[in-house]
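**Q** using only what follows, build the 3D model:
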Amino acid sequence: MTIILPLQPQEEARLLAVARAKGLSPEAIVRAALEKLLADTDRMSDIPTTGAAIVAAMQSSPYRDVDLEFRRDRLPVRDAAF
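**A** The predicted structure follows:
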């Protein structure tokens, strides 16, 4: 498959600079970025995203005893004379 990706001049300059700095071709830099993106996508697809899965994950947490409820203490108020 061939993908044509139009780049702005400043994007092209940055890509060439990164490639030069790493001693790689621009194609190798783009391929590495694509491989990282695909690996991240594969890893994220293994994570369940349903509400039931999130509740189950929270219930199986070793920190279930931690209270996540927001404390609603009153702020300290100075006495004021009017």
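
**Q** and the host helix or strand of residue 31, what's buried?
**A** Using DSSP states H and E, residue 31 falls within helix 26-45. Residues residue 29 are the ones in helix 26-45 that count as buried (16 or more other C-beta atoms under 10 Å). (Glycine included, C-beta is placed from N, CA and C.)

**Q** what's the following helix or strand after it?
**A** Where DSSP H and E defines the elements, the next helix or strand beyond helix 26-45 is helix 51-59.

**Q** ok, back up a step: and the contacts of the helix holding residue 31?
**A** Under the contact criterion C-beta atoms under 8 Å, 6 or more residues apart in numbering, helix 26-45 has outside partners 5, 15, 16, 18, 19, 22, 24.

**Q** and those, which of them are in helices?
**A** The subset of those located in helices under the criterion DSSP state H comprises 15, 16, 18, 19, 22.

**Q** list only buried entries from those residues.
**A** For those, a neighbour count by 16+ other C-beta under 10 Å gives the buried set as 15, 19.

**Q** would TSV of the ones in helices among the contacts of helix 26-45 with pLDDT be doable?
**A** Listed next are those as TSV, based on pLDDT from 0 to 100:
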residue	pLDDT
15	93
16	94
18	92
19	93
22	93
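
**Q** adding distance to residue 75, write the ones in helices among the contacts of helix 26-45 out as JSON lines.
**A** Rendered in JSON lines, the data for the ones in helices among the contacts of helix 26-45 read as follows (distance: C-beta to C-beta, whole Å):
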{"residue": "15", "distance to residue 75": "53"}
{"residue": "16", "distance to residue 75": "56"}
{"residue": "18", "distance to residue 75": "51"}
{"residue": "19", "distance to residue 75": "56"}
{"residue": "22", "distance to residue 75": "54"}
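
**Q** and the end-to-end length of stretch 71-79?
**A** With C-alpha to C-alpha, to the nearest Å as the measure, the ends of stretch 71-79 fall 24 Å from one another.

**Q** and it, what's buried?
**A** For stretch 71-79, burial by neighbour count (16+ other C-beta under 10 Å) applies to no residue.

**Q** quick one: mean pLDDT for it?
**A** Taken as a whole, stretch 71-79 carries a mean pLDDT of 76.
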